[in-house]
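**Q** Just need the structure, nothing else, for what follows:
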Amino acid sequence: MPNRPVEIGPAGLHTARAIEHLRLVRGLTQHQLAARCTALGRPMANTALSRTERARRRCDVDDLVALATVLGAPPAALLLPWPTHSPVSHATSHSLTPIQEALLG
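**A** Below you'll find the predicted structure:
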């Protein structure tokens, strides 16, 4: 029986959006964020990060912790729903919920 890939569920989709949102708010490119994760000891290629942000690749707990550290947020903040982005709008134009603001400090 062939293996089927495990589908990314709602929490994974929220995490993908949160990573992209915070990366954009912090003014980082995918390449810069991936390089900073690698410098922390969690090797990550920008293609892997791109696939994670597009919910084409699962974000494991080690990736989550490294990404959160580089983005300056607690890992739990990446599990909450975040605004979606369109190519026309910028991340900073979206307001955060009080819970998101509290988690980000």
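**Q** In the protein, where is pLDDT below threshold?
**A** For the chain, the stretches with pLDDT under 70 are 1-2, 4, 82-105.
**Q** and the lengthiest helix in it, which residues are buried?
**A** In the chain, with assignment by DSSP state H, the single longest helix is helix 10-25. Buried residues in helix 10-25, counted by 16 or more other CB atoms under 10 Å: 12, 14-25. Just so you know, the C-beta spots here come from the backbone N, C-alpha and C atoms, and that holds for glycine as well.
**Q** same check, this time on stretch 48-65
**A** For stretch 48-65, the buried set under the neighbour-count rule, 16+ other CB under 10 Å, comprises A48, L49, T52, E53, A55, R57, R58, C59, D63, L64, V65.
**Q** how near is the fifth one to H14?
**A** Okay, so that is A55. Distance, A55 to H14, using CB to CB, to the nearest Å: 10 Å.
**Q** ditto for the first one
**A** Using CB to CB, A48 is found at 19 Å from H14.
**Q** Now do the helices for this structure: every range, in order, please.
**A** 10-25, 30-39, 46-53, 61-71, 98-104.
**Q** Go through those helices and name the closest to L78.
**A** helix 10-25 (4.4 Å; CB to CB).
**Q** now that closest one: how far from the chain's centre is it?
**A** Remark: helix 10-25 is offset 4 Å from the chain centroid, using CA atoms, centre = their mean, to the nearest Å.
**Q** Which other helices and strands does that helix contact?
**A** helix 46-53, helix 61-71 (3 or more CB pairs under 8 Å, 6 or more residues apart in numbering; DSSP states H and E).
**Q** quick one: contacts for C59?
**A** G12, T15, A16, I19, T52, L67 (CB atoms under 8 Å, 6 or more residues apart in numbering).
**Q** ok, so of those residues, who is nearest P43?
**A** Of all those, L67 has the smallest distance to P43: 12.8 Å, by CB to CB.
**Q** contacting residues for the closest one?
**A** Neighbouring residues of L67 by CB under 8 Å, 6+ apart: I19, L33, C37, C59, L78.
**Q** Much appreciated, bye for now.
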